[in-house]
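Visitor: got a sequence here, can you build the structure:
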Amino acid sequence: MLDAGLSRRTLFTVGAALAAGVVSAGCGKASGNAADRVLEAPRLRPDKGLTANLPLAKNGLSPDAVAAKYAGKKPQQWGTDISGILTNFDTSGKQFALTFDACGGPGNNDIDENLLSLLIAQQIPATLFLNKRWIDANQLRAAQLAGNPLFELANHGTAHRPLSVNGRAAYEIKGTGSAQEAVDEVWGNHERLTQLTGHPPRFFRTGTAHYDELAVNIVQDLGEVPVGYSLNADYGATSNAAQVQANMMKAAPGGISLAHMHRPKSGTGPGMYAALTALKGNGFQFVRLP
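Guide: Sure thing, here's the model as predicted:
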């Protein structure tokens, strides 16, 4: 069983595997990890089982009431960095937030175990945005991640759709087509993560990281913080290792990186291994989203 107290030999093995290209560049169908590998024994949260007492949404609004509030309204903004989206945070030091998406769905339900082993071995915290389809396909893994105090699990949507009230697309992925569909995209996985962790998720990142301003308000009214990024580390897990490393070396204090944890054959793992080691040497401290 792998835990936070990895031996020096285990850490060397992880690093050597990454450096040797066990996780190759590219963005093909996810494969290549042992299906029965256990990262850490599942541990239930102290408040597990108390979800019935949690409020449904912000300010006492039900999800249906939130959908009704924005029904028929027309958005004016669209993108990854509009008002209300968290892309940076205040810090007095060299703190930087690592976030990793698991997008789920056909070809996207694997897990980059080498990347997670690196984070665990070096005790590097991160916020993990999990899609409901990925959770449903990896229930034991999701429980293990929920039990690891290094990680905070966050909401990456129910079907990984751009969040819109009028169906606007991003990267040829059609967005949610109404306020009700936007609420459903957030709330379906909100409930799944609440069931998994024993408490509601604090953060939401839409599929493709695109929102309109009404969708941003919907996320906020449902009690979550809409999150974007300040640094795109792997461009949807299409970057090679050298590109990921170069992107990450642009990190600035208070920044938030976006990378992916469901493509074990991409360049994300080896690029992160090189970059995180260098950034730590430069005095950076990695944190979960505040």
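Visitor: all helices for this structure, in order.
Guide: 8-19, 63-70, 113-121, 132-137, 139-146, 179-197, 213-221, 241-248, 268-281 (DSSP state H).
Visitor: the longest strand seen in the chain: partners in the sheet, and parallel or antiparallel?
Guide: Taking DSSP state E as the criterion, the chain has its longest strand at strand 95-102. Sheet pairing for strand 95-102, assigned by DSSP bridges, gives strand 126-130 (parallel), strand 256-260 (parallel), strand 285-287 (parallel).
Visitor: before we move on, back to that, among the helices of the chain, which is nearest residue 160?
Guide: When the helices of the chain are compared by C-beta to C-beta, helix 132-137 sits nearest residue 160, at 7.2 Å. For the C-beta atoms, the positions are set from N, CA and C on the backbone; glycine is no exception.
Visitor: same list (the helices of the chain) but as CSV, adding mean neighbour count and mean pLDDT.
Guide: What follows is those, written out as CSV (neighbours: other C-beta atoms under 10 Å; pLDDT from 0 to 100):
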stretch, mean neighbour count, mean pLDDT
helix 8-19, 15, 41
helix 63-70, 18, 97
helix 113-121, 23, 96
helix 132-137, 21, 98
helix 139-146, 19, 97
helix 179-197, 22, 98
helix 213-221, 23, 98
helix 241-248, 20, 98
helix 268-281, 22, 97
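Visitor: any idea how far residue 115 is from residue 126?
Guide: Per C-beta to C-beta, to the nearest Å, residue 126 is found 10 Å from residue 115.
Visitor: now do the shared contacts for those two.
Guide: Shared contacts of residue 126 and residue 115, defined by C-beta atoms under 8 Å, 6 or more residues apart in numbering, comprise residue 100.
Visitor: of all the helices of the chain, which lies closest to residue 77?
Guide: helix 213-221 (4.3 Å).
Visitor: can you list contacts of that closest one?
Guide: Looking at what lies outside helix 213-221 - C-beta under 8 Å, 6+ apart - the contacts are 57-59, 61, 66-67, 69-70, 73, 75-77, 82-85, 163-165, 176, 179, 182-183, 186, 204, 206, 211, 225-226.
Visitor: if you set the cut-off to 6 Å instead, what comes out?
Guide: 58, 61, 66, 70, 73, 75, 77, 82, 84, 163-165, 182-183, 186, 204, 226 (C-beta atoms under 6 Å, 6 or more residues apart in numbering).
Visitor: go on, stretch 93-112?
Guide: So stretch 93-112 is in contact with 29-30, 126-131, 133-134, 137, 141, 156, 160, 251, 253, 255-257, 259-262, 264, 269, 283-287, 289, going by C-beta under 6 Å, 6+ apart.
Visitor: repeat for stretch 177-197
Guide: Contacts of stretch 177-197 (C-beta under 6 Å, 6+ apart): 45, 51, 63, 66-67, 70-71, 132, 135, 142, 146, 153, 155, 157-158, 161, 163, 165, 167, 176, 200-201, 204, 215, 218-219, 222.
Visitor: for the most centrally placed residue in the chain, give its distance to residue 71.
Guide: With distances taken as C-alpha atoms, centre = their mean, the residue of the chain nearest its centroid is residue 129 (2.1 Å). Computed as C-beta to C-beta, the residue 129 to residue 71 distance reads 27 Å.
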